[in-house]
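Trainee: no sequence for this one, just the structure:
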Ligand SMILES: *Cc1c(COP(=O)(O)O)cnc(C)c1O
Ligand code: SF4
């Protein structure tokens, strides 16, 4: 697991701030609007907080046109100021490998645009839809699967488009589960979110709404008590967070999760397996045990997909299987996520699990237990 002195002192107390913000009073630092207004988006701004390597500086110049850079001061404060290998830094700072083009990479790897009955809704599975309500995020993740769309002002989900999406859901009785996504739905105002949740849950056949958000990780100040009051009015609301590394597990993030859980939301984490960031069992275990302590259940561990410019983040499929093998039995079962690949072309999600069958002999199956021991189990044919 990646460890640095900077990480242990910074992330654990959540107070140490890089030099440009050393004298910023708490009243501003913990105000999400201040964090939004002071995001680092240009090279010279980033360089006030971090020392970039030559590679990182070159990558910034050549990639930020294609996919915007945006980093909240809070998220920057979790980064190692000098080490390009820092797991937080790798998720938000451009890397030269983003420009390497592979022929198997896809612009819209999940064919989300192809399964849109109306703009802004992907309806792939029978009973649920993905509903894009905004295209902004406080921090743009370099591994984002929707790189081509998020951060692009010309694709912003206008009010009319959201209305059209709600109308589609209202006239489609098979939709019982609506997953708000984007971009980050918490980039909407409390009032707007209140209105959208109210209108969706007023539809008879909509049984639950989910919010996919990375704000608890990149801008936890956004999760205010006032937001908690909005969410408390609507239920059931499920919140999918996107924590990827223990360095993101700060007191401020813990507070955000507590507000969400106290508001009655059911929390689940969707991590993405990223090479050199979280692709080992110990990192995933540490992360997941922290999440459980904060009432957030690890839900998915995603295989990084075939989107353009993120191949350098991808791990072999076997890595995910090895991580599951190291978790099952050795930690609470609740700490073991579903390992899924979202197949290209809109094939949908599939789950992978390590193969535990060593041998079959008639009705006798030999399994391998969590310690690696072979153990025989007699199956039944249904006629015994
Ligand atoms: C991932 C996804 C969902 C939600 O899937 P669950 O497995 O139910 O969490 C819904 N629609 C689309 C298009 C998705 O990609
Ligand atoms: S928060 Fe989500 S949608 Fe936004 S850039 Fe990151 S992965 Fe993409």
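Mentor: Yep, it's here. On a predicted model such as this, the values are computed, not experimentally measured, just so you know. Ligands and ions are numbered 1, 2, ... in the order given.
Trainee: any idea how far residue 30 is from ligand 1?
Mentor: 32 Å (Cβ to the nearest ligand atom, to the nearest Å). Every C-beta, even on glycine, is put in place using the N, C-alpha and C of the backbone.
Trainee: Now for the closest residue to that residue other than its chain neighbours: which residues touch it?
Mentor: Leaving aside its chain neighbours, residue 30 sits nearest to residue 221 (5.3 Å; criterion: Cβ to Cβ, 6 or more residues apart in numbering). By Cβ atoms under 8 Å, 6 or more residues apart in numbering, the contact set of residue 221 is 30, 31, 32, 35, 74, 252, 256.
Trainee: for residue 221, phi and psi?
Mentor: Backbone geometry at residue 221, expressed as degrees, to the nearest 10, gives phi -60, psi -20.
Trainee: The residue sitting nearest the centre point of the chain - nearest residue in space that isn't next to it in sequence?
Mentor: Centroid-nearest residue in the chain, with Cα atoms, centre = their mean: residue 242, separated by 2.7 Å. Among residues not flanking residue 242 along the chain, residue 214 sits closest, at 4.3 Å (Cβ to Cβ, 6+ apart).
Trainee: how about residue 227, what does it touch?
Mentor: Residue 227 neighbours (Cβ under 8 Å, 6+ apart): 186, 190, 193, 259, 263.
Trainee: How about residue 285?
Mentor: 326, 327, 330, 331, 335.
Trainee: List buried residues within the contacts of residue 221.
Mentor: 30, 32, 35, 74, 252, 256 (16 or more other Cβ atoms under 10 Å).
Trainee: Tell me if I'm right that the second one and residue 218 touch.
Mentor: Spelled out, that is residue 32. No: here residue 32 does not reach residue 218: they are 10.6 Å apart, not a contact under Cβ atoms under 8 Å.
Trainee: just the helices in the stretch 151-300 of the chain please.
Mentor: Here the stretch 151-300 of the chain has its helices, by DSSP state H, counting those that start in this stretch, at 159-170, 190-201, 215-218, 225-232, 251-262, 281-293.
Trainee: relative to helix 251-262, how tilted is the longest one?
Mentor: With axes from the mean of the first three to the mean of the last three Cα atoms, to 10 degrees as the criterion, the two stretches helix 281-293 and helix 251-262 enclose an angle of 50 degrees.
Trainee: how about helix 281-293: buried residues?
Mentor: Those would be 281, 283, 284, 285, 286, 287, 288, 289, 290, 291, 292, for helix 281-293 by 16+ other Cβ under 10 Å.
Trainee: sorry, back to before: make sure the residue nearest to the centre of the chain is actually in contact with residue 212.
Mentor: Yes: using Cβ under 8 Å, residue 242 is in contact with residue 212, at 7.5 Å.
Trainee: ok, the closest residue to residue 213 other than its chain neighbours - contacts?
Mentor: Among residues not flanking residue 213 along the chain, residue 186 sits closest, at 4.7 Å (Cβ to Cβ, 6+ apart). Residue 186 makes contacts with 193, 211, 213, 215, 219, 222, 223, 227, as judged by Cβ under 8 Å, 6+ apart.
Trainee: ok, and of those residues, which contact ligand 2?
Mentor: The subset of the contacts of residue 186 within reach of ligand 2, by Cβ under 6 Å from any ligand atom, is empty.
Trainee: Relative to ligand 1, how far out is the residue nearest to residue 17 when sequence neighbours are not counted?
Mentor: Nearest non-adjacent residue to residue 17, counting by Cβ to Cβ, 6+ apart: residue 77, 5.3 Å away. Counting by Cβ to the nearest ligand atom, the gap from residue 77 to ligand 1 is 31 Å.
Trainee: got it, and residue 361?
Mentor: On the measure of Cβ to the nearest ligand atom, residue 361 and ligand 1 end up 36 Å apart.
Trainee: Which strand residues bridge that residue?
Mentor: Beta-bridge partners recorded for residue 361 (DSSP bridges): residue 364.
Trainee: Count residues in the vicinity of residue 192, would you?
Mentor: 16 (other Cβ atoms under 10 Å).
Trainee: Repeat that for residue 205.
Mentor: 12.
Trainee: what sits against it?
Mentor: 173, 174, 175, 176.
Trainee: if we can go back for a sec, which one, of the helices of the stretch 151-300 of the chain, ends up nearest to ligand 1?
Mentor: helix 159-170 (12.7 Å; Cβ to the nearest ligand atom).
Trainee: Determine the angle, from 0 to 180 degrees, between the closest one and helix 190-201.
Mentor: 20 degrees.
Trainee: Mind giving me the packing neighbours of helix 159-170?
Mentor: strand 121-125, strand 128-132, helix 190-201 (3 or more Cβ pairs under 8 Å, 6 or more residues apart in numbering; DSSP states H and E).
Trainee: Could I get the full set of strands for this protein?
Mentor: For the chain, the strands defined by DSSP state E cover 121-125, 128-132, 177-181, 208-212, 237-241, 266-272, 296-302, 338-343, 348-352, 357-361, 364-368, 374-378.
Trainee: who's in contact with the closest residue to residue 146 other than its chain neighbours?
Mentor: Of all residues not flanking residue 146 in the chain, residue 112 sits nearest, at 7.4 Å (Cβ to Cβ, 6+ apart). Counting by Cβ under 8 Å, 6+ apart, residue 112 makes contact with 122, 130, 146, 346.
Trainee: Could you work out the most separated pair of these?
Mentor: 146 and 346 (14.0 Å; Cβ to Cβ).
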